[in-house]
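**Student:** Need the 3D shape of this:
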Amino acid sequence: MATIVHFDLPAEDLQRAASFYGRLFGWKFERMPGPIEYFGITTFDGQGRPSLGGGMGKKNEWDTGITNYVGVDSVENTLIKLVELGGKIVLPRTEVGEFGYLAVCVDTERNKFGLWENKPVPSER
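**Tutor:** The predicted structure follows:
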């Protein structure tokens with residue numbers, strides 16, 4: 001069943017946002033490898049265990065707020081169904097290095113959400 005697997009938090013000033021959310025909620029931020037300035041976010045449940053993960057990068061023209069990503073088996077197939085049901089594609093299927101693929105969509109009520117498809121781990125390829 002599809003469920004929220006990740007969230008993205010766009011920010012104009014990454015250090016300021018990391019400080020804000022770190023102090024407000026106790027979230028941890030870690031710079032991710034690669035040429036794009038991007039931070040992984042670790043959130044914690046009520047018992048202090050790591051919980052839903054997120055990421056933070058620079059705002060751009062389509063990143064107008066926090067985006068929840070729903071895990072799917074195939075971004076490509078889900079986008080086809082999305083359009084058939086009246087949704088719109090904001091950002092088409094995009095490869096995210098060795099990790100997987102994402103897309104950003106808008107539903108019939110103009111709510112933005114993302115799709116995420118994991119790449120198979122090397123032993124599964």
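
**Student:** how many other residues sit next to residue 73?
**Tutor:** Around residue 73 there are 10 other residues, counting by other CB atoms under 10 Å. Glycine gets a C-beta too; all of them are placed from N, C-alpha and C.

**Student:** Name the SS class of it, please.
**Tutor:** Using DSSP: H, G, I helix; E, B strand; the rest coil, the structure places residue 73 in coil.

**Student:** Let me see the ranges of the helices in the protein.
**Tutor:** Per DSSP state H, the chain carries helices over the ranges 14-25, 75-84.

**Student:** Quick one: mean pLDDT for the longest one?
**Tutor:** Taken as a whole, helix 14-25 carries a mean pLDDT of 94.

**Student:** ok, and what's touching it?
**Tutor:** Helix 14-25 is touched from outside by 9, 11, 27, 28, 29, 37, 39, 41, 43, 56, 57, 58, with contacts defined as CB atoms under 8 Å, 6 or more residues apart in numbering.

**Student:** returning to what we had before: would you list the helices of the chain in a markdown table and tack on mean neighbour count and distance to residue 91?
**Tutor:** Compiled in a markdown table, these are given as follows (neighbours: other CB atoms under 10 Å; distance: least, CB to CB, whole Å):
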| stretch | mean neighbour count | distance to residue 91 |
| --- | --- | --- |
| helix 14-25 | 13 | 20 |
| helix 75-84 | 15 | 10 |
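
**Student:** I'd like those helices laid out as CSV, including distance to residue 96.
**Tutor:** As requested, the helices of the chain are arranged in CSV below (distance: least, CB to CB, whole Å):
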stretch, distance to residue 96
helix 14-25, 18
helix 75-84, 11
